[in-house]
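K.L.:
the following comprises the amino acid sequence and a computationally predicted model.
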Amino acid sequence: MTHQSAREIQDEAARWVARMDGAEWSEADEAELARWLDVDPRRQGALLQAQAAWATLDELATASNDDDADGRVAQPGRRRFLIGGGAALAASVAGSAFLIGQGARYGTEVGEIRRVPLADGSTMVINTASQATVDLEKARRLVRIRQGELWFQVAKDAKRPFLVEAGRIRVQAVGTAFAVRRREAGADIFVTEGVVEAWAEDATAPHIRIAAGEHAFVADNAAVLRSPASATSVYRALAWREGKIDLAGVSLADAAAEFNRYNHRQLVIVDPNIGKESFDGTLRTDDLEGFAMAVHESLGVPIDLSDPNEIRVGRPRK
């Protein structure tokens, strides 16, 4: 192993963090990062410092965005700044990592999927049209989901539990990986690693435990609907982390609704009977036309691509 200087490690860590923020991050990338960290014990600390620096820049970008008339944040500029001068900035925030993310706000537009490293070493991936705030406090780490869906890879810290609030629903973990999707009357919880505890605030029902490979919907009234335990189905439901929609035996109506979450152009199932048909396949979240063509070829139904605002599938009922 070639000995690296601290500056070289910091620069590499900055590039890793910038890479994490993209929508194309995969499990292979996660494994590659783990191998990089294993080579030199200094790399873990450098990565945490770079994550803190990234969070600082995110805060600055958010503040600037609040005053910006067009409401857009220049993500590429932030990435260039961190890669180009991230080592110096990382060193400057090394002693204040726990302050980063205090009251930080995060959000995505329709179709945007964003990966965000947190200063405590955790990572969250934000799905389309979602909003959340993060408070990294001394006694706990708190994420409030205002709308949408987030997946968390939680860094272990027994002294600071990781709590997610989604309306009245609470989900708590110390070190695990799970997703929470806020719904109108509750929240969906998908666990990919470890165990989480969930409950409805102010309800008398006991807390429930949800383990890896399990999915449960917890209603605001504390009612719980569990799906059959299946790691495969959980990972399919979370394929959005890689910019994909994985459909297995899903009705066309539900598949169209899922695609519509990620696109301004909308899929319209014209014939309700067609909407009951099942569909299997994996497509990119933005591949509306590919989905419509697949339905056309498998069911022989007409599709209309002429409207830039919608794609109509099926023949209208007379």
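P.N.:
Okay, I see it.
K.L.:
for the stretch 51-200 of the chain, what spans make up the strands?
P.N.:
Applying DSSP state E, counting those that start in this stretch to the stretch 51-200 of the chain gives strands spanning 104-107, 114-117, 123-126, 131-136, 141-147, 149-153, 162-166, 169-173, 177-183, 186-193, 195-200.
K.L.:
those: which one's closest to Gly314?
P.N.:
Closest to Gly314 of the strands of the stretch 51-200 of the chain is strand 177-183 (C-beta to C-beta; 27.5 Å). For the C-beta atoms, the positions are set from N, CA and C on the backbone; glycine is no exception.
K.L.:
so what secondary structure elements neighbour that closest one?
P.N.:
Contacts defined by 3 or more C-beta pairs under 8 Å, 6 or more residues apart in numbering; DSSP states H and E place strand 177-183 against strand 141-147, strand 149-153, strand 162-166, strand 169-173, strand 186-193.
K.L.:
please name the strands paired to that strand in the sheet, noting orientation.
P.N.:
Using DSSP bridges, the strands paired with strand 177-183 are strand 149-153 (antiparallel), strand 186-193 (antiparallel).
K.L.:
let me have the ones you listed in CSV, extended by mean pLDDT.
P.N.:
Output for these, formatted as CSV (pLDDT from 0 to 100):
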stretch, mean pLDDT
strand 149-153, 97
strand 186-193, 97
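K.L.:
Asp120: which of those is closest?
P.N.:
Comparison of the strands paired with strand 177-183 against Asp120 by C-beta to C-beta identifies strand 149-153 as nearest, at 11.1 Å.
K.L.:
buried residues in the closest one?
P.N.:
Glu149, Leu150, Trp151, Phe152, Gln153 (16 or more other C-beta atoms under 10 Å).
K.L.:
out of the strands of the stretch 51-200 of the chain, nearest to Ala231?
P.N.:
Closest to Ala231 of the strands of the stretch 51-200 of the chain is strand 186-193 (C-beta to C-beta; 7.8 Å).
K.L.:
what comes up buried for the closest one?
P.N.:
Gly186, Ala187, Asp188, Ile189, Phe190, Val191, Thr192.
K.L.:
mind putting those into a markdown table with distance to Arg261?
P.N.:
Shown next, in a markdown table, are these (distance: C-beta to C-beta, whole Å):
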| residue | distance to Arg261 |
| --- | --- |
| Gly186 | 18 |
| Ala187 | 16 |
| Asp188 | 13 |
| Ile189 | 18 |
| Phe190 | 16 |
| Val191 | 21 |
| Thr192 | 20 |
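K.L.:
let me know the closest of these to Gln4.
P.N.:
Among the buried residues of strand 186-193, Thr192 lies closest to Gln4 (C-beta to C-beta), at 32.7 Å.
K.L.:
related to what we said a few turns ago, tell me the one of the buried residues of strand 186-193 nearest Lys276?
P.N.:
Using C-beta to C-beta, Asp188 comes nearest to Lys276 of those, at 22.6 Å.
K.L.:
just list whatever residues bridge to the closest one.
P.N.:
Under DSSP bridges, the beta-bridge partners of Asp188 are Arg181, Phe217.
K.L.:
so who does it touch?
P.N.:
Neighbour list for Asp188: Glu149, Ala179, Val180, Arg181, His215, Ala216, Phe217 [criterion: C-beta atoms under 8 Å, 6 or more residues apart in numbering].
K.L.:
pLDDT at the fifth one, what is it?
P.N.:
pLDDT, the model's per-residue confidence, is 97 for His215.
K.L.:
check contacts around it.
P.N.:
Applying C-beta under 8 Å, 6+ apart to His215 gives the contacts Asp188, Ile189, Phe190, Val191, Arg226, Ser227, Ser233, Val234, Ala237.
K.L.:
can I get the residues you listed in JSON lines with distance to Trp199?
P.N.:
Output for these, formatted as JSON lines (distance: C-beta to C-beta, whole Å):
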{"residue": "Asp188", "distance to Trp199": "15"}
{"residue": "Ile189", "distance to Trp199": "11"}
{"residue": "Phe190", "distance to Trp199": "17"}
{"residue": "Val191", "distance to Trp199": "15"}
{"residue": "Arg226", "distance to Trp199": "14"}
{"residue": "Ser227", "distance to Trp199": "18"}
{"residue": "Ser233", "distance to Trp199": "23"}
{"residue": "Val234", "distance to Trp199": "20"}
{"residue": "Ala237", "distance to Trp199": "22"}
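K.L.:
nice, that's everything, thank you.
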